[in-house]
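**Student:** attaching a predicted model along with its sequence, questions to come.
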2 protein chains.
Amino acid sequence: MADEVILLSFWPSMFGMRTNIALEEKGVKYEYREEDVLYNKSPLLLEMNPIHKMVPVLIHNGKPVCESIIQLQYIEEVWSNKNQLLPSDPYQRAQALFLADFVDKKLYVCGRKTWATKGEELEEAKMEFVETLKTLQSELGDKLYFGGDKFGFLDIALIGYYSWFPAYQKFGNFSIEPECSKLMAWDKRCMQRDSVAKSLPDPEKVVGYVLVLKKLYGIE
Amino acid sequence: MADEVILLSFWPSMFGMRTNIALEEKGVKYEYREEDVLYNKSPLLLEMNPIHKMVPVLIHNGKPVCESIIQLQYIEEVWSNKNQLLPSDPYQRAQALFLADFVDKKLYVCGRKTWATKGEELEEAKMEFVETLKTLQSELGDKLYFGGDKFGFLDIALIGYYSWFPAYQKFGNFSIEPECSKLMAWDKRCMQRDSVAKSLPDPEKVVGYVLVLKKLYGIE
């Protein structure tokens, strides 16, 4: 029996983009189903992720796997014969998992604050956002990708944020480029990959989505 | 050369307890070093975890691994010859990782609110705390441990909170027992294991520690 793989996601979700990219990199045939996360979650989403009721959900032969970082590990283990994403060495693997966790703890939270807060909170968030990118940039060093010459796990974990950068910068009124030129070059390198280009939305569309969110939450 | 394994931790940390238990279960020889997290972090901690500056840090032959769940995965991979902690099946492993993530997203946050908040926020936190335990209890079902007959990964991820339950209940003025009797029986079962008994502090000592925290943060 062929594998049935369904991805429930929502186009602006940087978490969903990860799973999309990983499936593309592995050459897995899957069905992408767009969820209306803001106004009308599908019964399938509620059934498959009853705990968080959030995308992305990877459904493999009827069984759900939730949380994007766990999905990436699952995809790596199940489709292990093509395009290794995580390093084989346990220490290098732990480092990649640690940095992906760092990305979510810092970039997601600070990124949200760039359009949802004001005053001191906004200023602190912008500073922390750039500091986080600088830390990641020093991890990248002079390598092509985070894992070395090959596009892999941490690249996948981080690149989805790229489509949000113009929105963060516009609403937070700051610029990432001057201090993070190496990271910006890495972004462009990743965008040349089919798996990434196919999975990331137009950043201008994300700007429009943030306007919708601001209106929805009553943020001026 | 023998492995040099050092664990930097702090006795009330439920995260540090996990790594302690896993090392004990694997029979790894290690040196436990207590950190004064509140007032005087050691230069070694700051050097080994410059990003978060938090315990636990597992130092293996001079190299740091941070974040308890990542440490458990690392320990499982490096000392793979004794006492398997995670399921071999990729789907079961993804489920265990998902529930451990759920534990930290819900129990830690709600648990903290039982002693740090008041009024409506406190009432909501208590309700969510018990709901989370009930969800975990239904995952446990009639099994001895979360993975089945054998103590493993999710047991290790959850059991450290047990030493905090009396503090949560005392300061939040609520009771876990009536709705979670199966989970309470699981707790007692886990406590009979040497690895757990050696790694968890006296819950009354945690009550005293919360009093210190309340004073430190000016919470009445």
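**Tutor:** Cool, got the structure.
**Student:** list the buried ones in stretch A:209-220?
**Tutor:** Residues of stretch A:209-220 classed as buried under the neighbour-count rule (16 or more other C-beta atoms under 10 Å in any protein chain shown) are A:209-210. (C-beta placed from N, C-alpha, C; glycine too.)
**Student:** any idea how far that stretch is from the chain center?
**Tutor:** Distance, stretch centre to chain centre, for stretch A:209-220: 21 Å (C-alpha atoms, centre = their mean, to the nearest Å).
**Student:** now the strands for chain A?
**Tutor:** Here chain A has its strands, by DSSP state E, at A:5-9, A:31-34, A:57-60, A:63-66.
**Student:** turn those strands into JSON lines, columns for mean neighbour count.
**Tutor:** Output for those, formatted as JSON lines (neighbours: other C-beta atoms under 10 Å in any protein chain shown):
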{"stretch": "strand A:5-9", "mean neighbour count": "22"}
{"stretch": "strand A:31-34", "mean neighbour count": "14"}
{"stretch": "strand A:57-60", "mean neighbour count": "24"}
{"stretch": "strand A:63-66", "mean neighbour count": "20"}
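**Student:** residue B:50 is nearest to which of these?
**Tutor:** strand A:63-66 (31.2 Å; C-beta to C-beta).
**Student:** each with direction, which strands does the closest one pair with?
**Tutor:** Here strand A:63-66 has these sheet partners by DSSP bridges: strand A:57-60 (antiparallel).
**Student:** pull up the residues of chain A that are close to chain B.
**Tutor:** Contacts of chain A with chain B, taken as C-beta under 8 Å from any C-beta of the partner chain, map to A:51-52, A:60, A:63, A:65-67, A:70-71, A:73-74, A:77-78, A:90-91, A:93-94, A:97-98, A:101-102, A:135.
**Student:** buried only: go through these for me.
**Tutor:** Neighbour-count burial (16+ other C-beta under 10 Å) applied to the residues of chain A next to chain B gives A:60, A:65-67, A:70-71, A:73-74, A:78, A:90-91, A:93-94, A:97-98, A:101-102, A:135.
**Student:** in chain A, spot the helix with the most residues.
**Tutor:** Secondary structure of chain A read by DSSP state H shows that its longest helix is helix A:119-140.
**Student:** distance of residue A:176 relative to residue B:167?
**Tutor:** Distance from residue A:176 to residue B:167, counting by C-beta to C-beta, to the nearest Å: 43 Å.
**Student:** between the two, which one's more packed in?
**Tutor:** residue B:167 (23 against 20; other C-beta atoms under 10 Å in any protein chain shown).
**Student:** wait, that one sits on residue B:214?
**Tutor:** No - Residue B:167 is not in contact with residue B:214 according to C-beta atoms under 8 Å; the separation is 10.4 Å.
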